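Trainee: Structure, please.
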Amino acid sequence: MKTTTSMTILRVVLGIIFLVHGAQKFSGGISNTAGFFDSLGIPGVMAYAVAVIELLGGALMILGLATRVIAGLFMIVMLGAIFTVKIGQGFVGGVEFDLALLSMSIALLIGGSGPLALDSRFTGKTSEKTVS
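Mentor: Residues are numbered from 1 along each chain as shown. Next up is the predicted model:
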């Protein structure tokens, strides 16, 4: 199987997950999310940054635009979530999901966007590599 096909699947799924989580933060009332951040000792304004990264970043990730940049931002968001909220909850029901999203982000940061990404239309490059 081509690595690039795998990267496309990974990119689209990661994008959908973040897009939905970002939309949820806004539809549930971003002020509620900001209040939750405040309760953790994180400035509430960071909730807006995280929600925008998730929503806009998710959409861009699905399209394959700025894939590596967005993957880097997702990594920062996931590390923040793991070390401020999830680490005290153990593995199952705690860090497992965030760790999976972090790993997916790292893979895209390293491997690129895969085929069917708009990145290649602007850069003229693709990350076409095959694995035997």
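
Trainee: buried sites along the particular helix or strand that has residue 100 in it?
Mentor: Assigned by DSSP states H and E, residue 100 belongs to helix 96-111. Buried residues in helix 96-111, counting neighbours by 16 or more other CB atoms under 10 Å, are found at 98, 101-102, 104-105, 107-109, 111. The C-beta positions use only the backbone N, C-alpha and C, and glycine is treated the same way.

Trainee: can you pull out the helices in the chain?
Mentor: Along the chain, the stretches classed as helices by DSSP state H are 3-27, 30-39, 45-63, 67-81, 96-111, 119-123.

Trainee: can you put those helices in CSV and add distance to residue 88 and mean pLDDT?
Mentor: Listed next are the helices of the chain as CSV, based on distance: least, CB to CB, whole Å; pLDDT from 0 to 100:
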stretch, distance to residue 88, mean pLDDT
helix 3-27, 20, 93
helix 30-39, 14, 93
helix 45-63, 19, 97
helix 67-81, 12, 97
helix 96-111, 13, 96
helix 119-123, 37, 74
